[in-house]
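pasting the sequence and the predicted coordinates here, then a few questions.
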Amino acid sequence: MTPFPLTWLYVPGDRPHVVAKALACGADVVVIDLEDAVAPDRKEYARDATAELLSEPQPVRVHVRVNGTEGPWAAADLRAMAELPGVSGLRLPKVTSAEEVVRVARGTGLALYALLETALGIERAYAIATAHPSLRGISLGEADLRADLGVREDAGLDWTRSRVVVAARAAGLAPPPQSVHPDIRDLEGLAASCAHGRALGFLGRAAIHPRQLPIIERAYLPTEAELEQAEKIVKAATNDQGAQALPDGSFIDAAVVTAAQRTLSLANRP
């Protein structure tokens, strides 16, 4: 499994045939959703179908987004998923406190990922990110956050996006993936949005349809020009001359070298 997942494909847990297709579509992580994608009268069926599927190891990394910890379905979701060999991690929706993460972590040995979808969650981003060693990542749920904040324009979310990127880094977590692009037909808009997210410090993106996966991957993988520059920087750094200027006039130091090494690692991911 790649250490640099770039694509996270959400699929509804009450549609096992769709989940089966998703497992074979090339996403780095498949996220089976028991929360927003499932109607209340289908929650139990979705949980049982997911538990049956994940009773066996899967060929790709599989996360399960359980229902919110304050709601009526969460406890049953967590019990059902706790020891299944096919589950790689649990995604916790609408997290607003470190205590929520700790409570879940005490009941399962699985890797946890917190979704911040409210103003309160954003305000407590760093506390949530450092709540427990089992927490491996944080990310945004932008649809709910947009509604909570009353944001109309996309740019209105940029401060919260940067807040989550900084909190993840400060906590020593991986860079967060972007939230989903809801229009599955708007591939040009998706590509532009991914470029903006990459500039903000995100790494990869959640998707809701397989056609979005190659767009996301292409946007987040280094370009040929970026690879060429990274190779020049790393090669120059082997001279052990400390800070220096390259023949093209660009200046390099330890921070620039670290970024170049990350670029090369990302390009060489399995």
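Done, it's in.

remind me which residues of the stretch 1-150 of the chain are low pLDDT?
1-3 (pLDDT under 70).

ramachandran angles for the spatially most central residue of the chain?
By C-alpha atoms, centre = their mean, the chain has its centre lying nearest to P177, at 3.6 Å. Phi and psi for P177, reported as degrees, to the nearest 10, are phi -80, psi 150.

pull the contacting residues for it.
5-6, 8, 139, 202-206 (C-beta atoms under 8 Å, 6 or more residues apart in numbering). No exception for glycine: its C-beta is placed from N, CA and C like everyone else's.

quick one, strands of this structure?
Along the chain, counting by DSSP state E, strands occupy 7-12, 29-33, 61-65, 89-92, 111-116, 135-140, 205-207, 244-245, 251-252.

neighbouring contacts of the fourth one?
If you take C-beta under 8 Å, 6+ apart as the criterion, strand 89-92 is touched by 31, 61, 63-66, 68-69, 78, 81, 100-101, 104, 108, 110-115, 136.

what subset of those residues is buried?
Neighbour counting over the contacts of strand 89-92 (16 or more other C-beta atoms under 10 Å) leaves 31, 61, 63-66, 68-69, 78, 81, 100-101, 104, 108, 110-115 as the buried ones.

around N268, how many other residues sit close by?
Neighbours of N268 under the rule other C-beta atoms under 10 Å: 10.

which residue packs closest to G89, ignoring adjacent ones?
Ranked by C-beta to C-beta, 6 or more residues apart in numbering and with sequence neighbours excluded, the top spatial neighbour of G89 is A111, at 4.0 Å.

hang on, the one you found packs against V101?
No. Between A111 and V101 there is no contact under C-beta atoms under 8 Å: 11.7 Å.

mutual contacts of these two, please.
Common contact partners of A111 and V101 (C-beta under 8 Å, 6+ apart): S134.

would you state the helices of the stretch 101-250 of the chain in chain order?
Ranges of helices in the stretch 101-250 of the chain, per DSSP state H, counting those that start in this stretch, are 119-123, 125-129, 142-149, 158-170, 187-200, 213-220, 224-237.

just name the most buried of those.
The highest mean neighbour count among the helices of the stretch 101-250 of the chain, using mean count of other C-beta atoms under 10 Å, belongs to helix 125-129: a mean of 21.

can you give the distance from it to the centre of its chain?
15 Å (C-alpha atoms, centre = their mean, to the nearest Å).
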